[in-house]
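Student: Show me the folded form of this:
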Amino acid sequence: MKAVSSQSVLHLYSPLYAQSKVQQQSLMPFGDQVRHYSAISECMQAYFSQISGDAEPFVLVNEIGDEMELDALKSAILAIVRKQGVIVMRNLHKHELAAHLWAECKHHAQYGQTYTNGKTGILIANPKLQLEHFSLWLK
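Tutor: Residues are numbered from 1 along each chain as shown. Have a look, this model is predicted:
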């Protein structure tokens, strides 16, 4: 997750970060702008305590490892769906739990727009937008 401003900080939940040389090398240039967490609840708490009241949250979900992660994500993400922010979910076709959370987000959205191609879903929760769901299929 990353709060977008000139002082942006990426809050990264990645339990395998210490074992992933690719992640470490990719994020090294960003130094103090990246915070790593091995517990999803700690990551979510740190992220939401950092963003200001008028900031729109931006959350990227790449995969969900188990039911406990799903529960932790669901409570935080559904709060965004009911308020305002952007959620991007990847690998909907590969991970059943991600697809389940995506369906929950769409179900609970009262306004805003969703876009999906079956693999990636984008939800823009904004009270100024009428609730609409779009399918994106490229030829």
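Student: for the chain, what helix or strand is lowest in average pLDDT?
Tutor: Least confident helix or strand of the chain, by mean pLDDT, DSSP states H and E, is strand 2-3 with a mean of 46.
Student: Give the next helix or strand downstream of that strand.
Tutor: Sequence order places strand 9-13 as the next helix or strand after strand 2-3, per DSSP states H and E.
Student: in the helix or strand just after that next one, what counts as buried?
Tutor: Following strand 9-13 in sequence order, the next helix or strand is helix 21-27 (DSSP H and E). For helix 21-27, a neighbour-count test (16 or more other CB atoms under 10 Å) marks Gln23, Leu27 as buried. Where C-beta positions appear, they are placed from N, C-alpha and C, glycine not excepted.
Student: what comes up buried for whichever helix in the chain runs longest?
Tutor: Ordering each helix of the chain by length in residues (DSSP state H) puts helix 67-82 first. Within helix 67-82, the residues scored as buried using 16+ other CB under 10 Å are Glu69, Leu70, Ala72, Leu73, Lys74, Ala76, Ile77, Leu78, Ile80, Val81.
Student: and the residue lying closest to Glu69 once chain neighbours are set aside, how many residues sit next to it?
Tutor: In this structure, Glu69 finds its nearest non-sequential neighbour in Ile40, 5.3 Å apart by CB to CB, 6 or more residues apart in numbering. Residues near Ile40, counting by other CB atoms under 10 Å, number 20.
Student: residues touching Ile40, list them.
Tutor: The contact partners of Ile40, by CB atoms under 8 Å, 6 or more residues apart in numbering, come to Tyr13, Met68, Glu69, Ala72, Leu73.
Student: I'd say the first one and Arg35 touch.
Tutor: So the one you mean is Tyr13. No: if you go by CB atoms under 8 Å, Tyr13 and Arg35 don't touch, sitting 9.8 Å apart.
Student: of these two, who's got more company?
Tutor: Tyr13 (24 against 16).
Student: how much space between the closest residue to the more buried one other than its chain neighbours and Phe134?
Tutor: Distances taken as CB to CB, 6+ apart place Cys43 nearest to Tyr13, at 3.9 Å, with adjacent residues excluded. Relative to Phe134, Cys43 is positioned 30 Å away (CB to CB, to the nearest Å).
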